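Trainee: With the input below, show me the fold.
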Amino acid sequence: MGVEVDFDFSRATIYNASGKIEGESFSEKEISQLLGPAGYFKYNLLESPAVVNLKAGGGYYFYSDTSKEKEDSSESSIKTTGNGFAVYVGAEAIKPIPEIFSINVNNLQLKADVGYTIFSRIGNLEVEGTAVEHVTININGLKLGLGVIYNF
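Mentor: Residues are numbered from 1 along each chain as shown. A predicted model of the protein is given here:
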């Protein structure tokens, strides 16, 4: 049993399109990002050949979404911001990396995460600085991660 504290960052291109309609060029792009602190309770399932933990927890996130549209004669942009929380369940596997290119490395580990955000609620939304009342965004779904841990 243990506890983990993270700072999560997620950025995605929702869509990116361009082309020509009736002789007029256009492009549209939407980028969304989420960042904030998160905490998880961990339960150890396996120690060998790799450490495997079950994780459950959540975090408080800051949300930003920017949508840009361009045409031959005009350009527009809309920015939406908000904040809220999410609940996550998943598992992680951690495997020590004993050597890299025949060099002993005792403090490096490979980490893989897989999980699902089962509930999220992003509220306090503002579009271009104007508050949006009675609207929330839910961003639930699969979460995958791969990283390296360095122990001091």
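
Trainee: This structure: strands as residue ranges?
Mentor: Per DSSP state E, the chain carries strands over the ranges 2-21, 24-46, 51-71, 75-96, 99-100, 103-104, 108-127, 130-131, 141-150.

Trainee: Now mean pLDDT and mean neighbour count too, for these, in JSON lines please.
Mentor: From N, CA and C alone the C-beta is placed, and that goes for glycine too. Shown next, in JSON lines, are the strands of the chain (pLDDT from 0 to 100; neighbours: other CB atoms under 10 Å):
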{"stretch": "strand 2-21", "mean pLDDT": "90", "mean neighbour count": "11"}
{"stretch": "strand 24-46", "mean pLDDT": "94", "mean neighbour count": "15"}
{"stretch": "strand 51-71", "mean pLDDT": "95", "mean neighbour count": "17"}
{"stretch": "strand 75-96", "mean pLDDT": "95", "mean neighbour count": "16"}
{"stretch": "strand 99-100", "mean pLDDT": "77", "mean neighbour count": "10"}
{"stretch": "strand 103-104", "mean pLDDT": "76", "mean neighbour count": "6"}
{"stretch": "strand 108-127", "mean pLDDT": "93", "mean neighbour count": "16"}
{"stretch": "strand 130-131", "mean pLDDT": "93", "mean neighbour count": "8"}
{"stretch": "strand 141-150", "mean pLDDT": "89", "mean neighbour count": "11"}
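
Trainee: ok, the residue nearest to Leu54 when sequence neighbours are not counted - contacts?
Mentor: Of all residues not flanking Leu54 in the chain, Tyr43 sits nearest, at 4.6 Å (CB to CB, 6 or more residues apart in numbering). Tyr43 makes contact with Met1, Asn53, Leu54, Lys55, according to CB atoms under 8 Å, 6 or more residues apart in numbering.

Trainee: quick one: Tyr43 and Gly57, what's the gap?
Mentor: Using CB to CB, to the nearest Å, we find Tyr43 at a distance of 11 Å from Gly57.

Trainee: pretty sure Ile14 is touching Ser32, no?
Mentor: Yes: using CB atoms under 8 Å, Ile14 is in contact with Ser32, at 5.5 Å.

Trainee: which residues do these two both contact?
Mentor: Shared contacts of Ile14 and Ser32 (CB under 8 Å, 6+ apart): Asp65.
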